[in-house]
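S.K.: Please work out how this folds:
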Amino acid sequence: MDRIYLDYAATTPLDRRVFAKMEPFFTQDFGNPSSIHTFGQQAEAAVDNARTGIAGMFHVSTDGVIFTSGGSESDNLAVRGTALWQRRTHGKNKIITSPVEHHAVLATVEQLGDAYGFDVHLVKVDRSGKVDLTDLERLIDEDTAVVSIIFANNEIGTINPVSEIAEVCHRKGAIFHSDAVQAAAHLEFDLENSPIDLISIGAHKFYGPKGVGALVSRKKPELFPQITGGKQENGLRAGTHNVPSIVGMAEALLLAREGMAVRSPELTHMRDRLIERVTEEIPGAMVTGDLKERLPNHASFVFESVDGNRLLVQLDMAGFACSSGSACKTGDPQPSDVLLALGIEPKLALGSLRVTLGSGTTDEHIDSFTRALPGLIEANRKRNS
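M.R.: Presented below is the predicted three-dimensional model:
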């Protein structure tokens, strides 16, 4: 059976061109960048070249690129590191985020509130998951250490007005971080034209290797390190550099940005066909997230009287890899926090489905998926009735 992968928001396959760039650093140029001999110098040069390339793509200085193990670590470093720095140097004690963030941000903020005594506030979002700018302006004051709002939502695809959010933060003197893990693969932006202070990226979302990411800062960042030890990354992130993956991330990001102008319209066309067919052919299907301001590869739904986890198993057995907004914990399905924040009823939120497209997706895949889904939904509903 030919299997069709429709879960590109979860991870992407490594681009062969990226692997070709990485391969020598596993076996031939394997030195530690902290070593002073020739092997180390070659590895250090590779890391420096990758840093220079990423800095150039986002229009920041090389001091503004901190290599990490992925998007989650970048989120942790940005939020926890900035909050602690701002409190120690300026006495600020408030953190603002939204209820639709990735858990890498939400869990970090929760810990900062519970264990470190920070004053945590959640800004309101509308039915599409966009931040309420009026509420944000109301919440920010001179005590705000950091504001963290997701650029493009991993679960519902909604794109936030991050430049406007940054302007509100700056008027109030607050640092603004945005989780751009999903956005970096599909949206053209830099930190010169969009006044975000800090963004998080993860390579495996744009056809790079897993286990590597970066925190990118518009200016030299001021934050507490979360991993201490050596002096790597200007003392902000200790640990021997993952040279092959850093090289791969820089190449993958370059390829993604170079191909964006061609690929994004193709993905948008297939996404819109998928959404149209699902909503037309399946009674009780509702699109989640913003219908226009959303990632070009992202379609997400909730279905009445459907068990989302069971639907994923049905789809997998039929040859389709997708994901759901609900998480099964010890056999007890829980509705997605993101969907609940949109005002969706818990029972309906349990019937969620995320379909994300990518480099391997074709029109034929969309046709095959939209032919199969109505029957699977009907069977799922019969079992639940």
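S.K.: okay, CA-based contacts and neighbour counts for the rest of this
M.R.: Will do.
S.K.: All the strands of the stretch 101-250 of the chain, residue numbers only.
M.R.: Secondary structure of the stretch 101-250 of the chain (DSSP state E, counting those that start in this stretch): strands at 119-122, 144-148, 175-179, 198-202, 213-217.
S.K.: Now tabulate the ones you listed in TSV and tack on distance to M260 and mean pLDDT.
M.R.: What follows is those, written out as TSV (distance: least, CA to CA, whole Å; pLDDT from 0 to 100):
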stretch	distance to M260	mean pLDDT
strand 119-122	33	98
strand 144-148	26	98
strand 175-179	19	98
strand 198-202	16	98
strand 213-217	20	98
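S.K.: Which stretch among the ones you listed is buried most, on average?
M.R.: Ranked by mean neighbour count under mean count of other CA atoms under 10 Å, these are led by strand 198-202, which reaches a mean of 29.
S.K.: about what we covered before: and the strands of the stretch 101-250 of the chain as TSV, adding distance to T52?
M.R.: Below are these laid out as TSV (distance: least, CA to CA, whole Å):
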stretch	distance to T52
strand 119-122	36
strand 144-148	26
strand 175-179	21
strand 198-202	16
strand 213-217	12
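S.K.: Of all the ones you listed, which one is nearest T89?
M.R.: strand 144-148 (10.3 Å; CA to CA).
S.K.: which strands and helices sit next to that closest one?
M.R.: Packing contacts for strand 144-148, counted by 3 or more CA pairs under 8 Å, 6 or more residues apart in numbering; DSSP states H and E, involve helix 71-90, strand 94-97, strand 175-179.
S.K.: quick one: the longest one to strand 198-202, angle?
M.R.: Computed with axes from the mean of the first three to the mean of the last three CA atoms, to 10 degrees, the direction of helix 71-90 lies at 160 degrees from that of strand 198-202.
S.K.: hang on, the earlier thing: of the helices and strands packed on strand 144-148, which stretch is the most buried?
M.R.: Per residue and on average, the most neighbours among the helices and strands packed on strand 144-148 fall to strand 175-179, with a mean of 27 (mean count of other CA under 10 Å).
S.K.: got the angle between that strand and strand 198-202?
M.R.: Using the same axes, to 10 degrees: strand 175-179 against strand 198-202 is 20 degrees.
S.K.: Neighbouring strands - and their directions - for strand 175-179?
M.R.: Each strand that pairs with strand 175-179, with its direction, by DSSP bridges: strand 144-148 (parallel), strand 198-202 (parallel).
S.K.: can you list contacts of that strand?
M.R.: 71, 75, 78-79, 145-152, 162, 166, 169-170, 196-201 (CA atoms under 8 Å, 6 or more residues apart in numbering).
S.K.: Specify the angle between it and strand 213-217 in degrees.
M.R.: 150 degrees.
S.K.: and strand 175-179, C-alpha only, in PDB?
M.R.: The C-alpha coordinates for strand 175-179 follow below in PDB (Å, rounded to 0.1, in the frame of the first residue of the first chain):
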ATOM      1  CA  ILE A 175      10.700  42.500  25.000                       C
ATOM      2  CA  PHE A 176       8.700  40.500  22.400                       C
ATOM      3  CA  HIS A 177       9.500  36.900  21.500                       C
ATOM      4  CA  SER A 178       7.700  34.900  18.900                       C
ATOM      5  CA  ASP A 179       7.700  31.100  18.300                       C
END
